[in-house]
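>>> Predicted model and sequence follow; I will ask about them next.
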Amino acid sequence: MKAQHRHELKTNELADWLTHLPQWAADNRNGIIAVVAVVVIAVSGYVWKVYFYDSGRLERRIALTTAVGEVTQRKAQVAAGQSQGADLSYLLIQPADTLQTLAAGETNPDMAALAHVKRGEALRAEVHFRMTGLTSNVLQTQIGLARDAYTAAIEAKPTLASIASAAKLGLGLCAEELGDFDPARRLYQEIVNDAAFQGAVAVASAQTRLATMDEFKQPIAFHPAPMPPIQIQPFDPNKAPDLPDLGALVPDADRALAPIITIKPADANLVAPAVEINAPAAVPAPEPAPAAKPNEPAVQPADANAPADANSTAPPATETEANQPPR
């Protein structure tokens with residue numbers, strides 16, 4: 001009986017509330033609107049955080065990953081250009097600046113430290129691959145920027161040992177490249193002795209630097225490259241010989257006074273004068289005898305080549321007598 005009575009009472013209360021619901025809604029319209037607005041704003045904020053904020057963070061992570069990979073690609077491209085004599089070191093500046101921008105907007109300490117480490121690597125590589133214009137001031141400025149990047153990576157307090165050890169190794173490399181070997185040695189020793197860094201790649205690199213650092217304290221002298229071997233080509237009768245430019249050896253003043261010789265091309269229609277090769281040589285005419293004195297007959301010079309008279313008893317004239325003038 002009591003249960004049935006309670007059920008009737010509840011039924012009456014529910015029916016009474018449903019009956020008066022429109023009136024209650026009209027009386028409390030402003031409050032209902034406020035509550036609904038709060039609920040809508042809360043749901044919208046959650047949706048924005050999940051979809052928009054996380055998607056923006058994902059885009060930044062993708063951009064950071066792309067910039068990190070671009071440093072490695074640019075280094076390979078610059079090295080290939082250097083082997084062909086082209087200085088492409090400037091290609092590393094753009095990804096270094098991109099990494100600096102991404103590191104400034106990154107909230108994750110590990111990602112921010114990674115961006116700073118790769119920026120320092122790009123700046124140091126730009127100096128190493130530069131072929132011209134590397135002065136002492138440029139070296140100190142560029143390595144100083146790389147050192148600032150490694151310092152910012154350490155200040156970001158990364159939780160990954162691989163990133164933290166890489167940042168400290170970068171500081172040691174910067175000190176060594178500037179000639180500060182003692183601070184570099186201390187940094188390398190800290191990396192090796194730190195138990196938190198065990199298993200990281202930077203530990204092996206630090207051990208290598210400690211073992212080879214003394215070899216780089218002395219200046220390195222490079223011997224000149226050997227002369228290339230002389231290539232002997234087979235003789236080609238149809239190829240003109242490579243003669244030096246004689247005009248470059250003549251001063252400008254003498255070249256201006258020198259006559260201009262124009263060599264015209266040969267004319268196939270012109271006939272060259274014929275020269276008889278087998279013709280006998282021309283014999284010069286004998287010189288006339290000197291004039292004879294008055295009342296003296298003229299004496300003809302003796303011909304040395306004339307045959308002697310068989311009826312003559314006079315001895316033949318010698319070459320000396322034949323050439324003597326008459327008396």
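Looks like it arrived, so ask away.
>>> Any regions of the protein where pLDDT drops low?
Scanning the chain for pLDDT under 70 picks out 1-12, 14, 49-55, 219-222, 225, 241-327.
>>> what about the helices in it?
Applying DSSP state H to the chain gives helices spanning 2-19, 21-27, 29-47, 54-83, 93-104, 109-129, 136-155, 161-177, 181-193, 201-212, 252-257, 319-323.
>>> would CSV of these with distance to Pro237 and mean neighbour count be doable?
Yep, even glycine has a C-beta here, placed from its N, CA and C like the rest. Below are the helices of the chain laid out as CSV (distance: least, Cβ to Cβ, whole Å; neighbours: other Cβ atoms under 10 Å):
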stretch, distance to Pro237, mean neighbour count
helix 2-19, 120, 9
helix 21-27, 114, 10
helix 29-47, 88, 10
helix 54-83, 39, 15
helix 93-104, 56, 19
helix 109-129, 49, 24
helix 136-155, 56, 17
helix 161-177, 59, 23
helix 181-193, 65, 17
helix 201-212, 59, 16
helix 252-257, 32, 8
helix 319-323, 53, 10
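>>> who wins for proximity to Ile232 among those helices?
Nearest to Ile232 among the helices of the chain is helix 54-83; the distance by Cβ to Cβ comes to 28.0 Å.
>>> Show me what the closest one is packed against.
If you count contacts as 3 or more Cβ pairs under 8 Å, 6 or more residues apart in numbering; DSSP states H and E, helix 54-83 packs onto helix 93-104, helix 109-129.
>>> Output the helices of the chain as TSV; include the columns distance to Pro229.
TSV is the format used below for the helices of the chain (distance: least, Cβ to Cβ, whole Å):
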stretch	distance to Pro229
helix 2-19	108
helix 21-27	103
helix 29-47	75
helix 54-83	21
helix 93-104	40
helix 109-129	30
helix 136-155	37
helix 161-177	37
helix 181-193	42
helix 201-212	35
helix 252-257	37
helix 319-323	68
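>>> out of the ones you listed, which comes closest to Gln231?
helix 54-83 (22.3 Å).
>>> quick one: that closest one to helix 93-104, angle?
Interaxial angle of helix 54-83 relative to helix 93-104 (axes from the mean of the first three to the mean of the last three Cα atoms, to 10 degrees): 150 degrees.
>>> rewinding a little: what's the closest of the helices of the chain to Asn238?
helix 252-257 (31.4 Å).
>>> Of the helices and strands packed on helix 54-83, which is nearest Pro183?
Short answer: helix 109-129, nearest of those by Cβ to Cβ, at 16.2 Å.
>>> what angle sits between that closest one and helix 93-104?
Taking the same axes, to 10 degrees, helix 109-129 and helix 93-104 form an angle of 160 degrees between their directions.
>>> Among the helices and strands packed on helix 54-83, single out whichever gets nearest to Gly85.
Once the helices and strands packed on helix 54-83 are compared by Cβ to Cβ, helix 109-129 is nearest, at 12.7 Å.
>>> ok, back up a step: wait, which of the helices of the chain is closest to Met227?
helix 54-83 (20.7 Å).
>>> quick check: domain ranges of the protein?
Here the domain parsing of the chain from automatic domain parsing is 12-135, 160-217.
>>> so can I have a markdown table of those domains showing distance to Ile232?
Below are these laid out as a markdown table (distance: least, Cβ to Cβ, whole Å):
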| stretch | distance to Ile232 |
| --- | --- |
| domain 12-135 | 26 |
| domain 160-217 | 42 |
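>>> Relative to Ala149, which of those domains is closest?
domain 12-135 (3.7 Å).
>>> Can you tell me which of the domains of the chain is nearest to Pro234?
In terms of Cβ to Cβ, the element of the domains of the chain nearest to Pro234 is domain 12-135, at 30.1 Å.
>>> on that earlier part again, quick check: which of the domains of the chain is nearest to Asp148?
Counting by Cβ to Cβ, Asp148 lies closest to domain 12-135 out of those; the figure is 8.1 Å.
>>> closest one to Thr151 among the domains of the chain?
domain 160-217 (7.0 Å).
>>> end to end, how far does that closest one reach?
Terminal residues of domain 160-217 are spaced 33 Å apart (Cα to Cα, to the nearest Å).
>>> Please name whichever of the domains of the chain is nearest to Tyr150.
With Cβ to Cβ as the measure, domain 160-217 is the member of these nearest Tyr150 (3.9 Å).
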